[in-house]
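Asker: return atomic coordinates for the entry below.
(one chain, ligands or ions: 1)
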Amino acid sequence: MATTSNTEQKRQTARHTLELPAGSPESKHYKQKLQREGSNHNNNIRVTSSQRKDNTLPTMASSKMIALAQKITSETEKVETYFKVNGLVPPSFDADAPGDFPIMPDDISRSRREVIHATQELHDLMVGPRESVRWMAWDFMNTQSLQLLNHFELATLVPLDGSITLSELQAKTSLDPINLARVLRHAMTNHVFQELKPGVIAHTAASRLLAEDQELQSWVIFNTEGVYPASAQVINALKAYPEATSLTHTGFNFAFNTVNLEPMFVTIGKDPKRAKHMAQAMSSLTGGEGYELWFLSEGCDMTDVNARGGTMVDVGGSHGFVDVHLAKVYNNIKFVVQDLPSTIESAPKPICADAKISKRISFQAHDFFKEQPVHGADVYFFRWIMHNYSTPYAVQILRNLIPALKPGARIIINDHCLREPGTENPWDERLIRSMDLVMLSLLNAQERGEEDFKQLFEMAGDGFVFKGVTRPKGCRMSIIEAVWKPDEVDQTVATESLSELTLT
Ligand SMILES: C[S@@+](CC[C@H](N)C(=O)[O-])C[C@H]1O[C@@H](n2cnc3c(N)ncnc32)[C@H](O)[C@@H]1O
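Answerer: Okay, the predicted model is just below:
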C-alpha cells in the first residue's frame, strides 16, 4: 500500500509541476500537447525542484544521457582504431560485411560491450518509460517477420550478388505480393534485407547469413516455429497447472496439442526433420559468442582422464560436436555420445573427416530417464541438459547414474549458472534470463544458481560430493562439478532416502 500511495504522490507532484490553462477540461491532454509542441508553448511548462533529485539545475556533467553519449564516443573510437590499425573490415550492414566480430584483445572486447550497453541504455532513456512499454509489447513482431521470411526461404531466393525486383521474387514464392512485401519491409527495419530503390531488394549482411548458414537457419526455425508458439501458450499452461514442473503441462504442450501426452523432446524426436533442426540449432548456439567450445576445454581440465586413456560419456550429447572438439584437444580420451534414437540416427557419418578423431567417438541410443548403461566411465558429462528439467526430473537423471558410477567418477554439468540479479553485464543478463523463460515455455524447466546445483546433487544421493562452479572469463556458461565418493557415506541410508520423488 505504501508503494501505491508513494506512486500516487509522485503522480500528483508531477501533475502540479505544470501551469495548465485555468479551468481546462482536458488538462492532461493539453499538457501532453504542450510537451509535444515544444518551445513556443514551453513557457507554460515549469520544471519544479520536486522533479529533480538534488534540487540543483541539471548540468552537462551530471546528465546521465551526456555521460552515456560520451562513453559511447570514447569506447567506439577505441574499437574503430583497433579495426583501422589491424586493417580489418569495419562492421557494416553491407551484404559482404563479415558476419561476426573478430576475436579481439580483452580491452577492445570490453569497449565493444560498453558501447552495446550504453547505446541500449541511452536508447531506452530517450524512448521513455511509457513508449518503451508500449512497443515492448510488440517485440514478438520481430520474431514473426523472421519466422515468415525464413520459412518461405526468402533469403535463398534473393541473389547473393546484385538484386531482384519484388515481382521477380514473388514469382518464386507462394506468398502473395502484399504479404511478401510486408514481411520483407518489416525485416528491413532490423537490417535484414535492404530495398535499394522502390521494389528492388538486395541482401544485407544479416540476410546473406540466413541464405548461407544452415545452422543459423535451423536456429531460427527451432525458435520461431517451436519456442515462439510455445511461449504464447505459457499463460494457459500456468493457469491450468500453476505448479509448473511437469514435462507435459508446458506452453509447448499447449501449442502442439500434447498436454498429458508426451514431453517436447519426444515430439521432436519422432520427426527426423525437427530433430535435425534442433541438433543444428544447438550447434549454432555453441558457435555463438560466449558459448564457444574452447571455453569448455580451457575451463575444464581432463588431463588426468587423457593420461589414463579414460572414457567420457556425453549424456544427451546430440550429434557429438562437443566430443569432436574435446577429442581434438585430448588425444587419448574415448567418447560415448548418448541421445534419443532419432537424434543418434541423424548424426553425420562419419562424425569427423579425421579418422583419428572419429574412431574415438561412438554413438549410443539411450534414454537418460533409464539406468546408465556405460559402467565405470571417468566422466559423465551433461551440457545443456539439467536446465531442461525441473528439479524432480533433474534429480532423477543424476540418480540414474548411480549404478554405473565408479569411485572418483566426475559428473560435469555445463550450463548457465545464475548470478545475483544485476551482477551480470546487461547483455549476458538479458540472454540468460531469456533462456530461463525459454526453458519455462518448452519444459517447465529453469536455469539455476550455484546453491540450486548443490542441492540437486544433495537430493540425488549422498555419494555425490559437490566440488563447485567455475566460469571461464568471457563465457556465459559455467562448469559445475561433483565427484562420486560412495565410501564417504552409508549407502543403505542414502538409497533409502531416494524414494520420495515423483515425476508427473
Ligand atoms: C538442449 S539439447 C543439448 C545437446 C548437447 N548436449 C549440446 O550441448 O548441444 C538436449 C539434448 O537432450 C536430448 N534428450 C532429450 N531427452 C532425452 C532423453 N530422455 N534421453 C537422452 N537424450 C535426451 C535431446 O535429443 C537433445 O539432443
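
Asker: which stretches of the stretch 101-250 of the chain have low pLDDT?
Answerer: Across the stretch 101-250 of the chain, no stretch falls below the confidence threshold (pLDDT under 70).

Asker: kindly report the same for the stretch 251-400 of the chain.
Answerer: In the predicted model, the stretch 251-400 of the chain carries no residue with pLDDT under 70.

Asker: which bits of it sit near the ligand?
Answerer: Proximity of the stretch 251-400 of the chain to the ligand is confined to 265, 282, 286, 316-318, 322, 339-340, 343, 366-369, 383-385, 388 under the rule C-beta under 6 Å from any ligand atom. Just so you know, the C-beta spots here come from the backbone N, C-alpha and C atoms, and that holds for glycine as well.

Asker: same check on the stretch 1-150 of the chain?
Answerer: Going by C-beta under 6 Å from any ligand atom, none of the residues of the stretch 1-150 of the chain are near the ligand.

Asker: got a PyMOL select line for the buried ones in the residues of the stretch 251-400 of the chain next to the ligand?
Answerer: In PyMOL, a selection of the buried entries from these looks like this (16 or more other C-beta atoms under 10 Å):
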select buried, resi 265+282+286+316+317+318+322+339+340+343+366+368+383+384+385+388
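
Asker: so which of the residues of the stretch 251-400 of the chain next to the ligand are in helices?
Answerer: For these, membership in helices holds for 265, 282, 286, 322, 343, with DSSP state H as the criterion.

Asker: helix, strand or coil for Thr76?
Answerer: For Thr76, the assignment made with DSSP: H, G, I helix; E, B strand; the rest coil gives helix.

Asker: so which residues make contact with stretch 348-359?
Answerer: Counting contacts by C-beta atoms under 8 Å, 6 or more residues apart in numbering, the residues outside stretch 348-359 that touch it are 319-320, 323-324, 327-328, 331, 361, 363.

Asker: buried set for that stretch?
Answerer: For stretch 348-359, using 16+ other C-beta under 10 Å, the buried residues are 351-352, 357-358.

Asker: CSV for those residues, including distance to Gly468?
Answerer: Output for the buried residues of stretch 348-359, formatted as CSV (distance: C-beta to C-beta, whole Å):
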residue, distance to Gly468
Ile351, 32
Cys352, 32
Ile357, 31
Ser358, 34
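
Asker: out of those residues, what pair is the most spread apart?
Answerer: Set against one another by C-beta to C-beta, those have their most distant pair in Ile351 and Ile357, with a gap of 7.7 Å.

Asker: before we move on, back to that, JSON lines for the ones in helices among the residues of the stretch 251-400 of the chain next to the ligand, including distance to Glu292?
Answerer: Converted to JSON lines, these look like this (distance: C-beta to C-beta, whole Å):
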{"residue": "Phe265", "distance to Glu292": "25"}
{"residue": "Met282", "distance to Glu292": "14"}
{"residue": "Thr286", "distance to Glu292": "7"}
{"residue": "Val322", "distance to Glu292": "11"}
{"residue": "Thr343", "distance to Glu292": "22"}
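
Asker: what's the closest of these to Met439?
Answerer: Of all these, the one with the least separation from Met439 (C-beta to C-beta) is Phe265, at 12.8 Å.

Asker: ok, back up a step: format the buried residues of stretch 348-359 as a markdown table; extra columns: distance to Thr470 and secondary structure.
Answerer: Converted to a markdown table, those look like this (distance: C-beta to C-beta, whole Å; DSSP: H, G, I helix; E, B strand; the rest coil):
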| residue | distance to Thr470 | secondary structure |
| --- | --- | --- |
| Ile351 | 28 | coil |
| Cys352 | 28 | coil |
| Ile357 | 26 | helix |
| Ser358 | 30 | helix |
